[in-house]
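Chemist: Requesting a structural model of the entry that follows:
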Amino acid sequence: MQTEPARMLTADEARELAVLAHGAQVDRDGSPHIDHVARVAGVADSTDAFQRVAWLHDVIEDTDVDPDGLRRRLPETEWEALCLLTHDDAVPYDDYVDAIIRAPGDGGALARAVKESDLLDNLRRCCAARDRAVGRYGSALARLWEAGR
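Modeler: You can find the predicted model right below:
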């Protein structure tokens, strides 16, 4: 018996999944993590692809959502971007950022756009909290911008 392929996630379904998956998670400053995710996804005039990947950008890394189930619900380009955005703690942060910067094709471009939004929000939060991580995020954003020239 042949199974029907999974239906692609809508941007609204990606948001709902992120809200449920991140639940009561909080960031280092004590704020709900989903607020950060919402700001990353809140880029004006963004595409549905950007919205889906932005809402899901921390789901694989920080929750118990099944990656295989998620993969079946995303177009290949979005899955590639999401994989690029998922930081494995065994990989140094600078190497992770470099992989996003060097990634080819539409998946790489989408990952860079979402990462830029992510870094800008992380910088804003770190500046407000006078968090030393501002250096790491600022350096990553500068490298991302420099590579885009």
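
Chemist: Spatially central residue in the chain, please.
Modeler: The geometric centre of the chain, computed from its C-alpha atoms, lies nearest to residue 57 (C-alpha atoms, centre = their mean), at 2.4 Å.

Chemist: That one reaches residue 36, doesn't it?
Modeler: No. Applying C-beta atoms under 8 Å, one finds residue 57 not in contact with residue 36, separated by 9.7 Å. (Glycine included, C-beta is placed from N, CA and C.)

Chemist: so what's the residue nearest to the centre of the chain up against?
Modeler: When contacts are counted by C-beta atoms under 8 Å, 6 or more residues apart in numbering, residue 57 is found next to 37, 40, 82, 85, 114, 118.

Chemist: What backbone torsions are found at it?
Modeler: When read as degrees, to the nearest 10, the backbone of residue 57 gives phi -60, psi -20.

Chemist: Tell me how far it lies from residue 127.
Modeler: Relative to residue 127, residue 57 is positioned 21 Å away (criterion: C-beta to C-beta, to the nearest Å).

Chemist: any idea how far the residue nearest to the centre of the chain lies from residue 132?
Modeler: Distance of residue 57 to residue 132, given as C-beta to C-beta: 23 Å.

Chemist: got it, and residue 126?
Modeler: Look at residue 126 and residue 132: by C-beta to C-beta, they are 8 Å apart.

Chemist: For residue 22, grab the count of nearby residues.
Modeler: Using other C-beta atoms under 10 Å, residue 22 has 21 other residues around it.
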